[in-house]
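Trainee: predicted coordinates and the sequence they were generated for:
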Amino acid sequence: MEIKITKTTSPKIMPPADKLGFGSVFTDHMFIMDYSDEKGWHDARIVPYGPLSFDPAASVLHYGTEVFEGLKAYRRPDGKVQLFRPWDNVERLNNSCARLGLPKLDPEDALAAIKKMVEVDESWVPSSDGASLYIRPFLFSTDPNLSLHGVHKAMYVIICSPSQAYFSTGLKPVPIMVETEDVRAVRGGTGEAKCGGNYAAANRAGDRANEKGYSQVLWLDGVERRYVEEGGGMNVMFRIGDKIVTPMLTGSILPGVTRRSAIALCKSWGMDVEERLLPIDELIQAAADGSLKEAWCVGTAAVVGPIGLLEYKGVKYEINNNEIGEVTQRIYDELTGIQWGRKEDTFGWTCVIE
Ligand code: COI
């Protein structure tokens, strides 16, 4: 794939690391590629960052035909920049496309585009502690037609945002609330796809949780509201007794790259990891009797976030005295060590941008 590059004539200046926040500052460039039935994917280009242009009737604006990914580029101690399991993001992006009837990308082209974007905006990869370049590839239908129809025109875009850690509280445990009214997804729906609509469906519950002082919700399954699924935008893991337990991928849960990595790390340390249906009653019982030793969320943006308190049906359960637990800390240290190139990557998860 040939990528035409047009550099900006008015480069911006990256704000100081402590002013970056998450996902609100953007680099100088963006990648764009168009799709049509006649031409397939074509016209790959990197252009100055700016507004996109498409018809107001574009189906993404009406029917939510959009999928996205999130991954990061990390500055290593030797100054080089590396990505973490980007091929997994590309694979998931194509799976999400398949679910929403969007045209898939050639995996090699999709990865090449991500790498080239990072190369062009390499100076935007922060070197301060905990900061990274958050990469947001997204793909949507631009068909200018209000009928319900298959996708004939689409756009693949990549934007990049130098960001600090997702939670401004850092590794301080956060309180979360079990959502008992709304549901995020059902099996056979779009829960395992990374599509904007899943996050739109989560908004109301997220707002309610925030208003009550919780950082996010814990979703239950969409049919029986009986099994734990995931957090608001990240997967969840628990240490119950001497086992690590995480909800199994039933089809309504996002197959997270950080989730997969955390499971692999725990297994490599000889821990007993169970991916299974986790009834909320079991989790609450474990929280009440103290066998729930640790709870944490895992996601690309957040990496690992300890959960210090769980609210369910108005009752609050503190976990590990609202302190980060040893497994949570160990996963965080190992994962961030590998991601930022401070620790040896024995899994082959990273790739350096040359
Ligand atoms: C990520 O962790 O990359 C996500 O997609 C979460 C995002 C909604 C902030």
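Mentor: Good, I have the coordinates.

Trainee: where does the residue lying closest to Leu277 once chain neighbours are set aside land on pLDDT?
Mentor: Spatial nearest neighbour of Leu277, excluding adjacent residues (CB to CB, 6 or more residues apart in numbering): Tyr227 at 4.9 Å. From N, CA and C alone the C-beta is placed, and that goes for glycine too. If you check Tyr227, the pLDDT there is 98.

Trainee: report the beta-bridge partners for Tyr227.
Mentor: For Tyr227, the beta-bridge partners are Pro279 (DSSP bridges).

Trainee: and it, what is it in contact with?
Mentor: Contact partners of Tyr227, counting by CB atoms under 8 Å, 6 or more residues apart in numbering, are 220-221, 247, 277-280.

Trainee: reformat these as CSV; add pLDDT and neighbour count.
Mentor: Below are those laid out as CSV (pLDDT from 0 to 100; neighbours: other CB atoms under 10 Å):
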residue, pLDDT, neighbour count
Leu220, 97, 23
Asp221, 97, 23
Pro247, 98, 23
Leu277, 98, 14
Leu278, 98, 21
Pro279, 98, 15
Ile280, 98, 21
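
Trainee: can you list the residues you listed in TSV and add distance to the ligand?
Mentor: Formatted as TSV, the contacts of Tyr227 follow (distance: CB to the nearest ligand atom, whole Å):
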residue	distance to the ligand
Leu220	19
Asp221	20
Pro247	17
Leu277	24
Leu278	21
Pro279	26
Ile280	23
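
Trainee: which among these gets closest to Ala113?
Mentor: Using CB to CB, Pro247 is the member of these that sits closest to Ala113, with 32.2 Å.

Trainee: residues in contact with that closest one?
Mentor: Residues counted as contacts of Pro247 (CB under 8 Å, 6+ apart) are 227-230, 235-236, 253, 275-278.

Trainee: is Arg208 in a helix, a strand, or coil?
Mentor: Secondary structure, DSSP: H, G, I helix; E, B strand; the rest coil: Arg208 is helix.

Trainee: quick one: it and Lys4, what's the gap?
Mentor: Distance from Arg208 to Lys4, counting by CB to CB, to the nearest Å: 46 Å.

Trainee: show me which of the two is the more surrounded one.
Mentor: Arg208 (15 against 9; other CB atoms under 10 Å).

Trainee: quick check: pLDDT value at the residue in the chain positioned nearest to the ligand.
Mentor: Across the chain, no residue is closer to the ligand than Gly70, which sits at 2.3 Å (CB to the nearest ligand atom). In this model, Gly70 is scored at 97, pLDDT.

Trainee: again, but for Gly130
Mentor: 88.

Trainee: with the one 4 residues further on instead?
Mentor: Looking at Tyr134, its pLDDT reads 97.

Trainee: over to Ile331?
Mentor: pLDDT at Ile331 comes out at 97.

Trainee: kindly reformat the contacts of Tyr227 as CSV containing distance to Asp28.
Mentor: Formatted as CSV, these follow (distance: CB to CB, whole Å):
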residue, distance to Asp28
Leu220, 43
Asp221, 43
Pro247, 40
Leu277, 47
Leu278, 44
Pro279, 49
Ile280, 46
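
Trainee: what does this protein put close to the ligand?
Mentor: Counting by CB under 6 Å from any ligand atom, the chain comes close to the ligand at 70, 199, 233, 299-301.

Trainee: next, count neighbours for Val157.
Mentor: If you count neighbours by other CB under 10 Å, Val157 ends up with 16.

Trainee: direction included, what does the helix or strand hosting it pair against?
Mentor: Here Val157, judged by DSSP states H and E, is contained in strand 153-163. Here strand 153-163 has these sheet partners by DSSP bridges: strand 29-36 (antiparallel), strand 132-141 (antiparallel).
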